[in-house]
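Undergrad: sequence? don't have it. structure:
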């Protein structure tokens, strides 16, 4: 039986490598610009985040009115997920603080989780707009028009071409010129002015609907753009500080700016000031650690899947998809739980210190 399984796995790997091989991956860190919305330049990660928010809103709209004492169906699944997460929050923060923190912590968790899982859908990084590419070897893509909008997509086992071969390597700009002005707005122009269009390139681009270069995908995982994790980290930081101030008043700031003993002439107050500076730096550095932990894991996962799809499709890529499903869940949970722990620390640290001092005095 083990021998049969091994033969099937090897056969699937061979078939995938020979017939279903993906294109050579182009690793791009920055999100790609896809269209303008007035003065706003919309990137693919921003566009994907709109879809994620829309899906979460639809889930709330459909599941909310159908909540009942005895949950069932889709609303029961949603209610069960929320109840399970609320139970975790209560265990960490207690009933009173859980009601205060839950709406922020749960929003972070489900938004990050949905963003990570949406980035694993097959449509990511394969459908988009054509861009002029650079390099000696380029992948030949297919183009099509849907509702007057020119789109490009990567076909199964795409061909590659050598730059400089006018018959076999049509550029995006040549394809745009061959199709007409209607697609020129969505294709990056070649530097140095308008490109020269040859008869061979017109025939290759317009008749076959092919071009070579880069593909700016319409959909890309939200958290592969460092701006998205940074925005969530700032969001988390602001609420933690707000909860600390609302619970303890301006006394909360004493852990950052503790000049009491120093102003009373006690030289040991210098230590309090130094500890306060360390606390402030630690508080601010959380935003950096939050940002790059989430960004690094999600971006590394995207690169890993792209490389495995190119090298060994079918078998191994499924294993890494399962790994990324687990990593996406863990990263969302870690981000939310760290926010919860820091929030709980912010609202209880002052009272706990007073308790410790009181016990020492007695």
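TA: Great, that's in hand. No experiment lies behind these values; they were computed from the predicted model shown. Numbers count the residues shown, from 1 in each chain.
Undergrad: any idea of the pLDDT on residue 295?
TA: As predicted, residue 295 sits at a pLDDT of 95.
Undergrad: Can you tell me how far it is from residue 338?
TA: To residue 338, residue 295 is 15 Å away according to C-beta to C-beta, to the nearest Å. (Glycine included, C-beta is placed from N, CA and C.)
Undergrad: got it, and residue 96?
TA: In terms of C-beta to C-beta, residue 96 sits 21 Å off from residue 338.
Undergrad: Compare those two (neighbour count), which wins?
TA: Neighbours per residue (other C-beta atoms under 10 Å) separate residue 96 from residue 338, with residue 338 holding more: 19 against 10.
Undergrad: Which element, helix or strand, includes the more buried one?
TA: helix 315-361 (DSSP states H and E).
Undergrad: next one: residue 47
TA: Using DSSP H and E, residue 47 sits in helix 44-63.
Undergrad: just the angle between the next helix or strand after that helix and helix 44-63, please?
TA: Counting by DSSP H and E, the next helix or strand C-terminal to helix 44-63 is helix 73-118. Interaxial angle, helix 73-118 versus helix 44-63 (axes from the mean of the first three to the mean of the last three C-alpha atoms, to 10 degrees): 170 degrees.
Undergrad: Helix 73-118 vs helix 315-361, what angle?
TA: 100 degrees.
Undergrad: lowest-confidence helix or strand of the protein?
TA: Lowest by mean pLDDT, DSSP states H and E among the helices and strands of the chain is helix 199-202, with a mean of 37.
Undergrad: Could you name the helices and strands sitting against the helix holding residue 47?
TA: Secondary-structure packing of helix 44-63 (3 or more C-beta pairs under 8 Å, 6 or more residues apart in numbering; DSSP states H and E): helix 73-118, helix 227-248.
Undergrad: how about the last one: buried residues?
TA: Looking back up the chat, that one is helix 227-248. 227-230, 232-233, 235-237, 239-241, 243-244, 247-248 (16 or more other C-beta atoms under 10 Å).
Undergrad: Repeat that for stretch 36-53.
TA: 43, 44, 45, 46, 47, 48, 49, 51, 52.
Undergrad: Please produce TSV containing the residues you listed, extended by pLDDT and distance to residue 316.
TA: Below are these laid out as TSV (pLDDT from 0 to 100; distance: C-beta to C-beta, whole Å):
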residue	pLDDT	distance to residue 316
43	92	30
44	91	26
45	93	27
46	94	32
47	94	30
48	95	26
49	96	30
51	95	29
52	96	28
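Undergrad: Closest one of those residues to residue 257?
TA: residue 49 (36.9 Å; C-beta to C-beta).
Undergrad: Pop the domain breakdown of the protein in here.
TA: 22-124+223-355, 127-217 (automatic domain parsing).
Undergrad: Lowest mean pLDDT across those, which one is that?
TA: Minimum mean pLDDT among the domains of the chain: domain 127-217, a mean of 54.
Undergrad: got the end-to-end distance for that domain?
TA: End-to-end distance for domain 127-217, by C-alpha to C-alpha, to the nearest Å: 5 Å.
Undergrad: before we move on, the earlier item: closest one to residue 88 out of the buried residues of helix 227-248, please.
TA: Proximity of the buried residues of helix 227-248 to residue 88 (C-beta to C-beta) peaks at residue 236, which lies at 16.9 Å.
Undergrad: nearest residue to that closest one other than its sequence neighbours?
TA: The shortest distance from residue 236 to any non-neighbouring residue, by C-beta to C-beta, 6 or more residues apart in numbering, is to residue 339 (4.4 Å).
Undergrad: Repeat that for residue 224.
TA: residue 299 (4.6 Å).
Undergrad: Against residue 313, how distant is that neighbour?
TA: 21 Å.
Undergrad: and stretch 2-12, which residues are buried?
TA: residue 12.
Undergrad: quick one, phi/psi of residue 257?
TA: The phi/psi pair for residue 257 (degrees, to the nearest 10) reads phi -130, psi 80.
Undergrad: What about the closest residue to it other than its chain neighbours, how many residues nearby?
TA: Of all residues not flanking residue 257 in the chain, residue 276 sits nearest, at 5.7 Å (C-beta to C-beta, 6+ apart). Here the number of neighbours of residue 276 (other C-beta under 10 Å) works out to 17.
Undergrad: again, but for the one 4 residues further on
TA: For residue 280, the tally of surrounding residues (other C-beta under 10 Å) stands at 14.
Undergrad: coming back round to it: isn't the residue nearest to residue 224 right up against residue 29?
TA: Yes: applying C-beta atoms under 8 Å, one finds residue 299 in contact with residue 29, separated by 7.3 Å.
Undergrad: Just want to know which of these two has more residues nearby.
TA: Higher neighbour count among residue 299 and residue 29: residue 299, with 19 against 10, using other C-beta under 10 Å.
Undergrad: Next, find the distance separating the more buried one from residue 51.
TA: On the measure of C-beta to C-beta, residue 299 and residue 51 end up 19 Å apart.
Undergrad: Equivalent analysis for residue 258, please.
TA: 47 Å.
Undergrad: same check, this time on residue 289
TA: On the measure of C-beta to C-beta, residue 289 and residue 51 end up 28 Å apart.
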